[in-house]
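**Student:** how would this look folded up:
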Amino acid sequence: MACRRVLIGVVAATLAMAAFAHAQEPPLPTGLAPEPQSKQDHKGKDEPALPAGLGQPTEPALPSGLGPTSTATPDRRAGNDTNGFVMPFGLTGFVESRIGARIVEDPTQKTLSIAEVRAQFERDFETDLATFRFVGDFLYDGVKDDLGVDLETGRGFFDLREANVVVRPVDFLDIKAGRQILTWGVGDLYFINDLFAKDFRSFFIGRDDEYLKAPSDAIRISTFNNFANVEFVYVPRFDADRSITGERISYFNPALGRIAGRDAIIDADTPDAWFSDDEFAGRAYRNIGAFEAAIYGYAGYWKTPEGQTPAGRPFHPRLAVFGASLRGPLQGGLVTAEFGHYLSRDDLGGDNPLIRNSETRFLVGYEREVGEELTASVQYIAEVTSDYDALTGALPTGAPSPDRVRQVVTFRLTKMMLNQNLTLSGFNFWSPNERDGYFRFRAAYKLSDAWLAESGGNIFYGARKNTFFGQFEDNTNLFVGLRRSF
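**Tutor:** Numbers count the residues shown, from 1 in each chain. Reported below is the predicted structural model:
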């Protein structure tokens, strides 16, 4: 009965928003729609482009698929919203309602995968000396139904996305301090040298793609010169991923030997001491001809609990990463390559089966327009275990041995239609050696400058329940949403 009341309430809110959208602001006739926005860069949306040249003090864009839905939000700061509605105090943002349900029976979870109403407010303040930015989300979550606020995990009725200040003491130096969204690297929905916090729960239940990136409390220093641009990030307290714990996404529990969920919540030991359990990350990048090259470094902890104590409690082992990336034009498209070596600092010999082994990860990808407003991209990804023989030799007798190399192939297809008011997209992860995968699809229709309707799904599949994607098969879900930007 509780789920039914939540479902009725969220559906009623969605229908009311839709009715208001059609009553107040019908879409413009064909041919009268505003000029489409210019295509964003590779890290923002569908059509890739090389980043700005050296000396540009711009913040790195989000990887493809992680920015706010391009058809969802007009340029509100420029005053392009034609409905005449203006928020007080210079606020911008949106209100949205989303409802979704599992289409596979999962005895460990609720049928509803998402049932929420969200309001986001943002505000920038500029002075001669600094720029201040605030972004906060107020949320009613009908699935979790937990009002207690936890800014680290994003739980409760309020999630602080950004609260920071940017100063430029000299022309070649930017300093940004406070809560912020951090990202770099060239992978498309796969992150090698981007060791900043992610929110996989939001990603798997059908929230907007921007919520895959969780906020970090950090200081970022960016310098710009003619040889190379350099960025340094200091996180004074470890920001773990908002990972799968069983609270609303079921998973394979090796100790129980079965799929678990709310009956076996993961309670990891997470480092949380300020200025002691901290993280360091750095990047240097420059253009070499038409290509952008970058090198990276990181020192901190595994972002998900990849270790287990002898008593069976998960924890975050120490981690160091160094890597590089390359991105540039090739045959009318964009080619990307990236690698990173993960050094598991609490298992340097590789012979502790309770801690994830060191490994090397790399990817190569290619993206180009293959038809009229039709873009396709493909990636090959490999994760190679560093000390495989030491690891398998330390396993208990009879325990299954993991694959030395985990391989993943991704494919993205995006189509724009109806004067770019309709966006159809699909993204598939497939592991040929683990025989599992994950298919995401979206359909977003811009009803007007302010209103966006969206539907989609998250389809998990696999031959076995203990593989990475296969364990989530019971979480397969469909969803619909309606957003009103202001």
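
**Student:** strand partners of the helix or strand hosting residue 481, parallel vs antiparallel please.
**Tutor:** Using DSSP states H and E, residue 481 falls within strand 477-485. Sheet neighbours of strand 477-485, with direction, are listed as strand 92-102 (antiparallel), strand 451-462 (antiparallel) (DSSP bridges).

**Student:** which one of those lies closest to residue 130?
**Tutor:** strand 92-102 (19.8 Å; C-beta to C-beta). Glycine gets a C-beta too; all of them are placed from N, C-alpha and C.

**Student:** Run the chain-centre distance for that closest one.
**Tutor:** Relative to the centre of its chain, strand 92-102 is centred 17 Å away, using C-alpha atoms, centre = their mean, to the nearest Å.

**Student:** go on, stretch 285-303?
**Tutor:** That offset, for stretch 285-303, works out to 19 Å (C-alpha atoms, centre = their mean).

**Student:** list the buried ones in it?
**Tutor:** 285-287, 292-303 (16 or more other C-beta atoms under 10 Å).

**Student:** ok, now stretch 471-486?
**Tutor:** Under 16+ other C-beta under 10 Å, the buried positions of stretch 471-486 are 471-486.

**Student:** Give the ranges of residues in this structure that sit below the confidence cut-off.
**Tutor:** 1-85 (pLDDT under 70).

**Student:** rerun that using 90 as the cut-off
**Tutor:** Residue ranges of the chain with pLDDT under 90: 1-90, 144-156, 255, 393-402.

**Student:** which strand is the longest one in it?
**Tutor:** Assignment by DSSP state E gives strand 112-126 as the longest strand of the chain.

**Student:** CA-only coordinates of the strand holding residue 481, as CSV, when you get a sec.
**Tutor:** The C-alpha coordinates for strand 477-485 follow below in CSV (Å, rounded to 0.1, in the frame of the first residue of the first chain):
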residue,chain,number,x,y,z
ASN,A,477,14.2,-1.0,-14.8
LEU,A,478,12.2,1.5,-17.0
PHE,A,479,11.4,5.1,-16.1
VAL,A,480,9.8,8.3,-17.3
GLY,A,481,10.4,11.9,-16.2
LEU,A,482,9.3,15.5,-16.8
ARG,A,483,11.5,18.5,-16.1
ARG,A,484,10.6,22.2,-16.0
SER,A,485,13.7,24.5,-16.2
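
**Student:** Show me how far that strand is from its chain's centre.
**Tutor:** 17 Å.

**Student:** What residues does residue 312 make contact with?
**Tutor:** residue 255 (C-beta atoms under 8 Å, 6 or more residues apart in numbering).

**Student:** three-state assignment of it?
**Tutor:** coil (DSSP: H, G, I helix; E, B strand; the rest coil).

**Student:** try residue 105
**Tutor:** coil.

**Student:** about what we covered before: okay if I get the strands paired with strand 477-485 as CSV plus mean neighbour count?
**Tutor:** Output for the strands paired with strand 477-485, formatted as CSV (neighbours: other C-beta atoms under 10 Å):
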stretch, mean neighbour count
strand 92-102, 21
strand 451-462, 20
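
**Student:** Can you give me the neighbour number for residue 262?
**Tutor:** Using other C-beta atoms under 10 Å, residue 262 has 15 neighbouring residues.

**Student:** what about it, distance to residue 484?
**Tutor:** Using C-beta to C-beta, to the nearest Å, we find residue 262 at a distance of 33 Å from residue 484.

**Student:** Relative to its centre, which residue of this protein is most distant?
**Tutor:** residue 397 (38.7 Å; C-alpha atoms, centre = their mean).

**Student:** ok, now which ones touch it?
**Tutor:** For residue 397, the contact set (C-beta under 8 Å, 6+ apart) is empty.

**Student:** For it, pull up the helix or strand it's in.
**Tutor:** Under DSSP H and E, no helix or strand contains residue 397.

**Student:** What lies in contact with the host helix or strand of residue 299?
**Tutor:** Element membership for residue 299 (DSSP H and E) is strand 291-301. Contacts of strand 291-301 with the rest of the structure, by C-beta under 8 Å, 6+ apart, involve 50-51, 184-185, 193, 195, 235, 238, 240, 271, 277-287, 316-328, 340.

**Student:** Neighbouring strands of it in the sheet, and parallel or not?
**Tutor:** strand 279-288 (antiparallel), strand 318-330 (antiparallel).

**Student:** Mind listing residues that contact the first one?
**Tutor:** Going back to what we said before, that points to strand 279-288. With C-beta under 8 Å, 6+ apart, strand 279-288 has contacts from 50, 53-54, 184, 193, 195-196, 227-235, 238-239, 292-301.

**Student:** make it 7 Å
**Tutor:** Residues from elsewhere that reach strand 279-288 (C-beta atoms under 7 Å, 6 or more residues apart in numbering): 53-54, 184, 195, 227-235, 238, 292-300.

**Student:** Please give the number of neighbouring residues around residue 402.
**Tutor:** Using other C-beta under 10 Å, residue 402 has 15 other residues around it.

**Student:** what's the closest non-adjacent residue to it?
**Tutor:** Nearest residue to residue 402, sequence neighbours excluded (C-beta to C-beta, 6 or more residues apart in numbering): residue 385, at 7.2 Å.

**Student:** Could you do residue 196 as well?
**Tutor:** Spatial nearest neighbour of residue 196, chain neighbours left out: residue 182 (4.1 Å); criterion: C-beta to C-beta, 6+ apart.

**Student:** For the one you found, give me its contacts.
**Tutor:** Remark: with contacts taken as C-beta under 7 Å, 6+ apart, residue 182 is in contact with 196, 216, 218, 220, 233.

**Student:** thought the second one was touching residue 196?
**Tutor:** Yes: in this structure, residue 216 sits in contact with residue 196. The criterion is C-beta atoms under 7 Å, and the distance is 5.5 Å.

**Student:** Who has more neighbours out of those two?
**Tutor:** residue 196 (24 against 20).

**Student:** ok, now which ones touch residue 164?
**Tutor:** Going by C-beta under 7 Å, 6+ apart, residue 164 touches 133, 176-180.

**Student:** For those residues, pick the one with the most neighbours.
**Tutor:** When neighbours are taken as other C-beta under 10 Å, the top entry among those is residue 180 (23 neighbours).

**Student:** Ignoring the adjacent residues along the chain, who's closest to that one?
**Tutor:** Residue 180's closest residue in space is residue 164 (C-beta to C-beta, 6+ apart), at 4.8 Å.

**Student:** quick one: which helix or strand includes that neighbour?
**Tutor:** Using DSSP H and E, residue 164 falls in strand 158-170.

**Student:** Tabulate the CA atom coordinates of that strand in PDB.
**Tutor:** Taking Å, rounded to 0.1, in the frame of the first residue of the first chain, the C-alpha atoms of strand 158-170 are listed here in PDB:
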ATOM      1  CA  PHE A 158      18.800  17.900   0.500                       C
ATOM      2  CA  ASP A 159      22.000  17.300  -1.500                       C
ATOM      3  CA  LEU A 160      24.500  20.100  -1.800                       C
ATOM      4  CA  ARG A 161      26.000  19.800  -5.300                       C
ATOM      5  CA  GLU A 162      28.200  22.900  -5.300                       C
ATOM      6  CA  ALA A 163      29.300  25.600  -2.900                       C
ATOM      7  CA  ASN A 164      32.600  27.100  -3.900                       C
ATOM      8  CA  VAL A 165      34.600  30.200  -4.600                       C
ATOM      9  CA  VAL A 166      37.000  30.900  -7.500                       C
ATOM     10  CA  VAL A 167      39.700  33.500  -7.300                       C
ATOM     11  CA  ARG A 168      42.300  34.500  -9.900                       C
ATOM     12  CA  PRO A 169      45.200  36.300  -8.100                       C
ATOM     13  CA  VAL A 170      47.100  36.500 -11.300                       C
END
